[in-house]
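Q: 3D, please:
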Amino acid sequence: MEVPEVSQSQEGQRQKLRIVLQYCQQVMAHPRWQQARWTAENIQKKDLCAILQLLVALAAHFRAPVRFPEHCQLQTLLVQKRDNQLYTRYVNEEITTSQDELGLKGEKDAFDTLYDHAPEKAVDVKNSLLAFVNKHLTRINLEAYDLEYSFQDGVYLVLLIGLLEGYFVPLYGYSQTPVGFEQKVQNVNLAYDLMQEAGLPKPKSRAEDIVNGDIKCTSRVLYGLFSKRVLRFLSNFGGEKSNILTV
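A: As a prediction, the model looks like this:
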């Protein structure tokens, strides 16, 4: 993101703020109707509601370990002048929703420890997950080259689940060449639905995290598929279930 380092004029500051907000909206991929108040003009004129909504959205997107009061609303007084008379009305603006929707990060798991404190082991785990993925994708002449980018559009994830579960996902059911962030998120959400139909719990990682190339989140999802495959193999042969990942 390129912005001027110093802006002396008010218009220059407003333009700089527009660039920052456009980048935030692109990264968070919120629908346009949710961005109505997130304008440079509102922020610059110190619109408290717009500022709070933006800060809460940023905290939710980056999974800040903060617990907000749920379902907070800000009541604002609107004053309009018509026919030389002032008309007033109150409007309730939603600031926070439920905690689940805010995406509280919570306690660290094995993958946080792995990538943050044992990078040499993380390489081995990444290679193992890639080997597992490609063992199945090569059956349809496809190959994943990395965890960060190969799964961002959700296509390989959908195909992989179909291969693991033994069915073909209809081509009309997802975007084969997704254009834009929203189509990629839809693909990943479809993969999540297929995972739940296969008996896996709903992934804790958000679809947006996968699309943004979050290596930890992608690893968690792939490991869920890998562990289900291993446990199925063990149960078929009377093996003993145990923790597969050791950090």
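
Q: by contact count, what packs against the longest helix that the chain contains?
A: Secondary structure of the chain read by DSSP state H shows that its longest helix is helix 215-236. Under the contact criterion of 3 or more CB pairs under 8 Å, 6 or more residues apart in numbering; DSSP states H and E, helix 215-236 touches helix 110-117, helix 119-137, helix 155-165, helix 181-197, helix 207-211. Quick note: C-beta positions are derived from backbone N, CA and C, even for glycine.

Q: Compare the mean pLDDT across these and name the weakest.
A: When the helices and strands packed on helix 215-236 are ranked by mean pLDDT, helix 110-117 comes last with a mean of 83.

Q: How much space separates Ala57 from Asp83?
A: 38 Å (CB to CB, to the nearest Å).

Q: Comparing these two, which shows the higher neighbour count?
A: More crowded of Ala57 and Asp83, by other CB atoms under 10 Å: Ala57, with 18 against 5.

Q: can you pull the contacts of the closest residue to the more buried one other than its chain neighbours?
A: Spatially, and ignoring its direct neighbours in sequence, Ala57 is nearest to Met28 (6.1 Å; CB to CB, 6 or more residues apart in numbering). Applying CB atoms under 8 Å, 6 or more residues apart in numbering, we find Met28 in contact with 57-58, 61, 208.

Q: Leu157: what's it in contact with?
A: Leu157 sits in contact with 151, 187-188, 191, 210, 221, where contact means CB under 8 Å, 6+ apart.

Q: and the residues you listed, which two are the farthest apart?
A: Pairwise distances across the contacts of Leu157 (CB to CB) peak at 12.8 Å, for the pair Asn187 and Val221.
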